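Trainee: Using only what follows, build the 3D model:
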Amino acid sequence: MVTHSNVKNLVKILIGAAWLDGRIQPEERQYLREIAQAKGLANDPEIKPWLYELVPVQPKECYEWVREYLGDRPSLQDCENLIEAISGLIYSDGEVAIEEAKLLTELQDITKPNQPSQPAHTQLLKQIQKLYRRWVEVQN
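Mentor: Alright, predicted model coming up:
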């Protein structure tokens, strides 16, 4: 179930992901503002300082938000939504920073299966591999 809190956490993660390379690119800025507006969070007092770059987001904060969003046992849907949202942000500026690739690696680490027989995690890992392949193609 998508709650207001989950949507807010997702927007926070996207803002944090945009800050991973130390600054928000103009295309990322536009993407984030459109998402925040669409989700009704553009004027949220918690989101606004990060969204309008009044306060930078540290990588540690972004990773903490990812962990909070996914929880201890993330569903495949939550993982897919997060990967899709981060992909949209990453590709909005046409380049993938090393820090953004590291976030995807962190996602993979967070969602590693405890048991090899978890099909949801297998599908998630395939999606992450697909993202990496697209990133490699963009780099060449």
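
Trainee: Please make it C-alpha for all contacts and neighbour counts, starting now.
Mentor: OK.

Trainee: Stretch 41-52: which residues count as buried?
Mentor: Neighbour counts over stretch 41-52 (16 or more other C-alpha atoms under 10 Å) mark 41-42, 47-48, 50-51 as buried.

Trainee: From the centroid of this structure, which residue is nearest?
Mentor: Nearest to the centroid of the C-alpha atoms of the chain, with distances taken as C-alpha atoms, centre = their mean, sits residue 86, at 3.7 Å.

Trainee: close enough to count as contact, that residue and residue 14?
Mentor: Yes - in terms of C-alpha atoms under 8 Å, residue 86 counts as a neighbour of residue 14; the distance is 6.2 Å.

Trainee: For residue 6, which non-adjacent residue is spatially closest?
Mentor: Spatially, and ignoring its direct neighbours in sequence, residue 6 is nearest to residue 69 (6.6 Å; C-alpha to C-alpha, 6 or more residues apart in numbering).

Trainee: between the buried residues of stretch 41-52, which is nearest residue 76?
Mentor: Set against residue 76, the nearest of the buried residues of stretch 41-52 by C-alpha to C-alpha is residue 41 (25.0 Å).

Trainee: Return the distance of that closest one relative to residue 10.
Mentor: Separation of residue 41 from residue 10 (C-alpha to C-alpha, to the nearest Å): 11 Å.

Trainee: tell me the contacts of residue 70?
Mentor: If a contact means C-alpha atoms under 8 Å, 6 or more residues apart in numbering, then residue 70 has 78-79 as its contacts.
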